[in-house]
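> fold the following and give me the result.
(chains A and B)
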Amino acid sequence: MTSHQHAANPAQNYLNHPKGVWSWLTTTDHKRIALLYLFTILLSFFAGGVAALVMRTELMFPGHDLVSADTYNRLFTLHGVLMIFLFIVPGIPATMGNFLLPLMIGAKDVAFPRLNLLSYYIYVIGALFGVAALANPVDTGWTFYTPYSMDTGTSVVLMTAAAFILGFSSILTGLNFIVTVHKLRAPGMTWSRLPVFVWGTYATAVIQTLATPVVGITLLLLIMERLMGVGIFDPKLGGDPVLFQHMFWFYSHPVVYIMVLPAFGVVGEIIPVFSRKPLFGYRIVCLSSLAIAIIGFVVWAHHMFVAGISDTAAIYFSIITFAVAIPTAIKVFNWVSTMYKGSIRFDTPMLYAMGFVFLFLVAGTTGIYLAALAADVFYHDTYFVVAHFHYTIQGGAVIGLMAALHFWFPKMTGKMYNETVGKIAWILVFIGFNLTFIPQFGLGMEGMPRRYYDYLPEFQSMHSLSTIGAYVNAFGYSFALFNLLWAWIFSKNYAPANPYESLSLEWQTPSPPPTENFVETPIVTDWTYGYGTPLKSGAH
Amino acid sequence: MFRMMPEQASEVAPKIDWLIYLITDISVFFTVLICGAMIYFAIRYRQRDGKHHETPQIKGDHLLEMVWTIVPTIICIYVAYYGVKYFYDIRHVPLDGDVVTVNVQGQKWKWDFEYDNGKKTTGEAVIPVGQHVKFVLTSRDVLHSFFVPAMRVKTDAIPGRYTYAAFKPVKTGTYQVFCTEYCGKDHSMMLAKVRVVSEAEYKTWLDDKSEELALLKMTPPERGRAAYNKHGCNACHSLDGSRLVGPSFLKAYGREGTYDSGKKYAVDHEYIRQSIYEPNAHIVDSYPPNLMPNYTDQVSAQELDDLIAFIRSLDGSAPVAAQPAAAAQPAVDLAALSPIERGKLLYQQKICVTCHSIDGSKLVGPSFKGIYGATQKHVDGSSATVDEGYIRESILQPGLKVAEGYQNMMPPYEGQLSEEQIKDISEFIKSLK
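Numbering: from 1, shown residues only, chains lettered A, B, ... in the order given. Model (predicted):
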């Protein structure tokens, strides 16, 4: 494959043709839908971030400082619901996945473009239900555990209805992607030539399609129980609250992989390009995504070791959970090995990718504490879990999204952003993030429970550090996203078709791409990662 | 590195910490190794002069892939094994031997403890050191979780189900209990203590019924105040007119208002009964529904009457405090009294009066009238003459000799009375010819 180095901002591209707000709202172009999603999820990210900052401010010192206990409980619920259901579940798949999947496999669009637009509007309707629930914000936590969610006077029905509707958006997107990967690959784009991002998104789509219906059923039963008194989960009606947890986590554990598998894919794309090396162990990296997706379905009750399940069940779920650690470890080793003997450039996307490796290592190794039964009994529902989860989802999925936004920004907008600002913002995000959550590991080790509005005075110093970190972190994200927005609107620095000299298909078309993606249907003759000088025969 | 676990107060704690620190060391080692390699590669193979240098097209290495599949697998099996092994130690309660069982009920937002002999406490459990203790957990409303960091145990309390948390304390001291399953507004206030004491102290504490006996001496409003504290009404209903989760009790009796349904109400006996036994039948306007649990199984008919009396007494005529004021000491100059008078005062203050008459009538215990100098038969067949030494022993260790026709019911007063006071009581008894 060759790269086109001429600065190109072709007169007609998907951004400026056709024109008008209506053409955007009714578009079936996967690239435009990706941008619609991107703006909506970033709004949720912003709102969820504000909720987090208010909470962290309240927790700066023990006692009542800023908001009441009741408001605090509603805030952490809002933070969780916004960040999970509205931001990070659609996060990478619906934005970068939508934008890149057809481009990477050499297709004109996804398999069902109108279904794709429908997914977006289902998402919007779900989000509006969530907004309606703000009239009396929910205080159950994003987990909606029964029987609390039966007893509380807040808008549980509206909020769970929102999550239920959002689930359909997720299922339809997943279905669309599965069919797209199976049916629309360009000639020569065999499964063993697919970019790892496509593999990651494909594995994600499988989980979205299979796991999401379960949470849909669960939330529907919850709504029926609240409205009609059907006794499924509430012990007062003869139900079983632990059953709710089983059903909830049967989705909500795999959903973690919905969030993070595409991020693995992003890192697998970025490191080879900036190292000028093939992705080390390509085949095993792709298969490990599928392995994680499959094993991820049978580990759900590791969220419930102390929830009253039998000891035998706890032992089974602990051992299987360790099995997820192995494919994850394999990925990390392969990413780092890719850099060996490379020619490494430190552009902003590469910095995010390298930061990701560190953050995800912390996420993975702290996961071992929680998989080990005896240790989890102590750490369950403490700040240790909060920190571990945020290393996985913010350090993993959100940093992955930031890496992707920077890496494919020239392709999406046809502009180059300011590298220096991008790097400074990365430093702020990286320092702020670690400053927020490393103290939370300490708090967890000392036994500080999560979801506490107030705390004992001995926990204060680490809480204060964490709050300061949260502000730095928030400033870093704002700075980074502002830099991108600024460049998109004001920059005169137009992007070439392939500024980073990638071999992947999406870079072989102008930036931004024309509506139909490729002027001619590309024919793939080689592997995506053929960087570097081929070795003499016999070696590898 | 990162040796941050709290105090180890149970038998299993050092094992758990060993496992946790093992994982910490493995984690730090691999994080440093992998990030070290990444940073080394990044520096060693960085692009110089803004131009790419030639790179070898290495696609992978089977041997390396095997190594970094097998090594983490072995480590995972090792860690998982000890996780399961020590989990068994946490969960295992010996069937034989002395296991102290404490029934625990979680409720928004307090912990109630009940012992086999019927003794009840709220917010503090007392347990003996060196014995396995099994906290049998359940909940009266929503999910809670019973977490004692120093003991390294945690288990959810689930309505309609029994679960347990067990451990063997190895150190005396007072240890924090947290609720770790989110349960609503005051989740972060749902704290309690586990006080680990010597076996002797535990026995004394367990048999001490003075609090219950004290209730017999109280007026209905005083008993109502005790019930108000005991059942945790104080978490939601203030006594000073301030608005908490529920309406204040100050000047509540006779108050008129409207329910959220718009219906009018006036607080009377029946209103209070319904509010306690059917709390969600009506909700006072502007208060959230479904927050108050149903107290049908907890508040007895007697307690209900007492609570009503207590609420009626809060008419604003006297300043109130949530905690009962220290028992009013009679303003008398003790030194000016004779030993017999001081003894009589103690007889009343220490509630001997509840069980021992001074007129010869038989109550729970033998009457004091004419007992001094008499020969007392015991349930074990022995007998002894009642003298000062006998009285002293009966007060401090009442279980040693139990009078014939009576049961071993008296709490030991060791530590509660000085030698002076025992002498005074003896003198008082001596005077009751």
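
> what about B:Val197, distance to chain A?
Remark: distance between B:Val197 and chain A (CB to the nearest CB, to the nearest Å) = 22 Å. Where you see a C-beta, it was placed from the backbone N, CA and C, and this is true even at glycine.

> bridge partners for that residue, pull those for me.
Taking DSSP bridges, one obtains B:Pro128 as the residues bridged to B:Val197.

> wait, doesn't it sit right on B:Trp205?
Yes - between B:Val197 and B:Trp205 there is a contact at 6.9 Å, judged by CB atoms under 8 Å.

> give me the common contacts of those two.
Common contacts of B:Val197 and B:Trp205 (CB atoms under 8 Å, 6 or more residues apart in numbering or on different chains): B:Val126.

> now A:Ile178: closest residue in space, sequence neighbours ignored.
Counting by CB to CB, 6 or more residues apart in numbering or on different chains, A:Ala205 is the residue found nearest to A:Ile178 once chain neighbours are left out, at 4.8 Å.

> quick one: the helices in the stretch 301-450 of chain A?
A:311-338, A:348-371, A:373-379, A:383-392, A:399-413, A:419-445 (DSSP state H, counting those that start in this stretch).

> with chain B instead?
B:13-44, B:62-91, B:199-207, B:210-216, B:220-230, B:269-277, B:301-313, B:339-349, B:388-396, B:419-431 (DSSP state H).

> as CSV, those helices with mean pLDDT would be great.
Shown next, in CSV, are the helices of chain B (pLDDT from 0 to 100):
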stretch, mean pLDDT
helix B:13-44, 96
helix B:62-91, 95
helix B:199-207, 92
helix B:210-216, 73
helix B:220-230, 86
helix B:269-277, 87
helix B:301-313, 88
helix B:339-349, 79
helix B:388-396, 87
helix B:419-431, 86
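
> now tabulate those in JSON lines and tack on distance to A:Phe459.
Conversion of these to JSON lines gives the following (distance: least, CB to CB, whole Å):
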{"stretch": "helix B:13-44", "distance to A:Phe459": "19"}
{"stretch": "helix B:62-91", "distance to A:Phe459": "24"}
{"stretch": "helix B:199-207", "distance to A:Phe459": "30"}
{"stretch": "helix B:210-216", "distance to A:Phe459": "33"}
{"stretch": "helix B:220-230", "distance to A:Phe459": "28"}
{"stretch": "helix B:269-277", "distance to A:Phe459": "36"}
{"stretch": "helix B:301-313", "distance to A:Phe459": "37"}
{"stretch": "helix B:339-349", "distance to A:Phe459": "43"}
{"stretch": "helix B:388-396", "distance to A:Phe459": "44"}
{"stretch": "helix B:419-431", "distance to A:Phe459": "45"}
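
> let's have those helices in JSON lines, adding mean neighbour count and distance to B:Trp109.
As requested, the helices of chain B are arranged in JSON lines below (neighbours: other CB atoms under 10 Å in any protein chain shown; distance: least, CB to CB, whole Å):
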{"stretch": "helix B:13-44", "mean neighbour count": "17", "distance to B:Trp109": "27"}
{"stretch": "helix B:62-91", "mean neighbour count": "17", "distance to B:Trp109": "26"}
{"stretch": "helix B:199-207", "mean neighbour count": "16", "distance to B:Trp109": "25"}
{"stretch": "helix B:210-216", "mean neighbour count": "15", "distance to B:Trp109": "23"}
{"stretch": "helix B:220-230", "mean neighbour count": "20", "distance to B:Trp109": "14"}
{"stretch": "helix B:269-277", "mean neighbour count": "16", "distance to B:Trp109": "18"}
{"stretch": "helix B:301-313", "mean neighbour count": "19", "distance to B:Trp109": "19"}
{"stretch": "helix B:339-349", "mean neighbour count": "18", "distance to B:Trp109": "35"}
{"stretch": "helix B:388-396", "mean neighbour count": "17", "distance to B:Trp109": "39"}
{"stretch": "helix B:419-431", "mean neighbour count": "19", "distance to B:Trp109": "40"}
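
> out of those helices, which gets nearest to B:Met292?
helix B:269-277 (7.9 Å; CB to CB).

> before we move on, the earlier item: the helix or strand hosting the residue nearest to A:Ile178: which residues count as buried?
According to DSSP states H and E, A:Ala205 maps onto helix A:196-228. Neighbour counts over helix A:196-228 (16 or more other CB atoms under 10 Å in any protein chain shown) mark A:196-209, A:211-212, A:214-216, A:218-219, A:221-223, A:225-226 as buried.

> then stretch A:118-128?
Quick answer for stretch A:118-128 (16+ other CB under 10 Å): A:118-120, A:122-123, A:126-127.

> returning to that earlier point: now tabulate the helices of the stretch 301-450 of chain A in CSV and tack on mean neighbour count and distance to B:Trp68.
Shown next, in CSV, are the helices of the stretch 301-450 of chain A (neighbours: other CB under 10 Å; distance: least, CB to CB, whole Å):
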stretch, mean neighbour count, distance to B:Trp68
helix A:311-338, 21, 4
helix A:348-371, 24, 13
helix A:373-379, 25, 24
helix A:383-392, 24, 21
helix A:399-413, 26, 22
helix A:419-445, 20, 25
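
> which one of the residues in the stretch 51-200 of chain A is closest to chain B?
A:Tyr148 (4.2 Å; CB to the nearest CB).

> now that residue: how far from B:Leu95?
Computed as CB to CB, to the nearest Å, the A:Tyr148 to B:Leu95 distance reads 35 Å.

> out of those two, name the residue with the larger neighbour count.
A:Tyr148 (24 against 6; other CB atoms under 10 Å in any protein chain shown).

> between the buried residues of stretch A:118-128, which sits nearest B:Gly365?
A:Gly126 (71.6 Å).

> contacts only, for the closest one.
A:85-86, A:162-166, A:168-169.

> angles on the backbone of the residue nearest to B:Gly373 when sequence neighbours are not counted, please.
Among residues not flanking B:Gly373 along the chain, B:Val386 sits closest, at 6.4 Å (CB to CB, 6+ apart). The phi/psi pair for B:Val386 (degrees, to the nearest 10) reads phi -80, psi 110.

> B:Val386: how many residues sit nearby?
Neighbour tally, B:Val386, other CB under 10 Å: 21.

> surely it is in contact with B:Phe368?
No - with contact defined as CB under 8 Å, B:Val386 does not count as touching B:Phe368 (9.9 Å).

> so how far is B:Gly360 from A:Ser504?
Applying CB to CB, the value for A:Ser504 to B:Gly360 is 104 Å.

> all good on my end, thank you.
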